[in-house]
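K.L.:
sequence and predicted structure, then a few things I'm wondering about:
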Amino acid sequence: MEFPVRLDDKNYDIKKFLRDHPGGTNTLKNYKGKNILQAMEKFGHSVNAYHMLNDFKVESEKDSNLSGVSENGRIITKEEDSRDKEEIAYLEELEGRLDWSKPLLSQLDAIAPDYEKWVNSAVYRHCRLFSSPLLEALTFTPWYLVPACWLPAILWLATHQYREHVAHDNSEVLSILQFFWHLALGLFLWSIIEYSLHRWVFHLDPGKNLTMIKIHFLIHGLHHKMPFDGLRQVFPPVPALMLACIIYQPVSWFLSYPLIKLTGGLIGYLTYDMIHYYVHHGSPADGTYLYAMKRYHSNHHFVNHDRAFGISSEIWDHVFKTFVKLRTLGFSLRWD
């Protein structure tokens, strides 16, 4: 079933976007078949929303020759209340350098001088990264694969460490309270790692170096370019395992009971990855923690990509002064 809307004498079908709309599904339902310009202006939509519509444009003989609005459908991460035609044209020129029907990774040299601007102008679509079917298949990770891999590892580690340090009869036995203290400390350390990775690694400016651009695009850039791609929103288990080993080595040198803390850190990581997926695709109720984090993370993607780095928590955004205060709404958002 279609969900037609109109804007500037052009027709759009936003059916597939309803549940992904950052402003909720319920705010759209009353506008089916109607002109949405007045509503978009009333609720203060930025230029992002206007240009995202173009990925849902319904071509017809009447509107296919009309100009003015971008035809490739950009989300411009710049908060403003009016449309910037020069910015649209600039981003369209960038997008025109790439052929989306072919693997993108081998084409990034075409936009290398303007990579930061390009990667932060999101689209509602999917892309191919590699020409090799095997490599391409390895880039897809269903969300349920993450708990399926990490929950058994966490349970084994927790059980093994509990038996060795709590239930075992030796001179270094820990109390249950001490055991959970070390777990909690590992969870706390993960929260710092989460923020640090997201801000200083995933959002590292690769400059104009093509190798660095490709690395950045693979680890995080593609998520900002295609934030609604549900198969590329959780961390694949193998790279996650490699990263865990790299982080664990220096930590094990100066912290006591490092494997207990690693267990707590892995609990934190799994929680983070599941929250990240949920805030993109879930339907949290107003007043809940996940509702607030969904709105907060949407702001990071579509308005302030250089702020609001916290995903499972806002704590370190407050500490490092990258916190973004969201506007208070007079109504609840729903994504059903």
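P.N.:
Right, received. Where do you want to start? Residues are numbered from 1 along each chain as shown.
K.L.:
pretty sure T271 contacts S312?
P.N.:
Yes. At 5.9 Å, T271 counts as touching S312 under the criterion of Cβ atoms under 8 Å. Bear in mind the C-beta positions are built from the backbone N, C-alpha and C, glycine included.
K.L.:
ok, these two, which is more surrounded?
P.N.:
S312 (22 against 17; other Cβ atoms under 10 Å).
K.L.:
which residues does the more buried one contact?
P.N.:
The neighbourhood of S312, defined by Cβ atoms under 8 Å, 6 or more residues apart in numbering, consists of 191, 194, 268, 271-272, 275-276, 293.
K.L.:
what's the most distant pair in those?
P.N.:
The most widely separated members of the contacts of S312, counting by Cβ to Cβ, are G268 and M293 (14.8 Å).
K.L.:
so the two - more neighbours on which side?
P.N.:
Between G268 and M293, counted using other Cβ under 10 Å, G268 has the larger neighbour count: 23 against 20.
K.L.:
surely that one meets S191?
P.N.:
Yes. In terms of Cβ under 8 Å, G268 counts as a neighbour of S191; the distance is 6.3 Å.
K.L.:
the strands in the stretch 101-250 of the chain, which residues?
P.N.:
Assigned by DSSP state E, counting those that start in this stretch, the stretch 101-250 of the chain shows strands spanning 121-122.
K.L.:
so what's K15 closest to, chain neighbours aside?
P.N.:
Spatial nearest neighbour of K15, chain neighbours left out: F3 (4.1 Å); criterion: Cβ to Cβ, 6 or more residues apart in numbering.
K.L.:
show the pLDDT at that neighbour.
P.N.:
Listed pLDDT for F3 reads 88.
K.L.:
pull up the gap between it and E93, please.
P.N.:
Separation of F3 from E93 (Cβ to Cβ, to the nearest Å): 31 Å.
K.L.:
who's more crowded, those two?
P.N.:
Neighbour count, other Cβ under 10 Å: between F3 and E93, F3 has more, with 17 against 11.
K.L.:
returning to that earlier point: okay, and the common contacts of T271 and S312?
P.N.:
Both T271 and S312 lack any common contact, where contact means Cβ under 8 Å, 6+ apart.
K.L.:
and R6, what element?
P.N.:
R6 belongs to strand 4-7 when assigned by DSSP states H and E.
K.L.:
any idea how far that strand is from the chain center?
P.N.:
28 Å (Cα atoms, centre = their mean, to the nearest Å).
K.L.:
need the next SSE after it, C-terminal direction.
P.N.:
strand 10-13.
K.L.:
buried sites along that following strand?
P.N.:
Across strand 10-13, burial judged by 16 or more other Cβ atoms under 10 Å covers 10-12.
K.L.:
adding pLDDT and distance to R163, write those residues out as a markdown table.
P.N.:
As requested, the buried residues of strand 10-13 are exported to a markdown table (pLDDT from 0 to 100; distance: Cβ to Cβ, whole Å):
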| residue | pLDDT | distance to R163 |
| --- | --- | --- |
| K10 | 83 | 66 |
| N11 | 87 | 65 |
| Y12 | 86 | 60 |
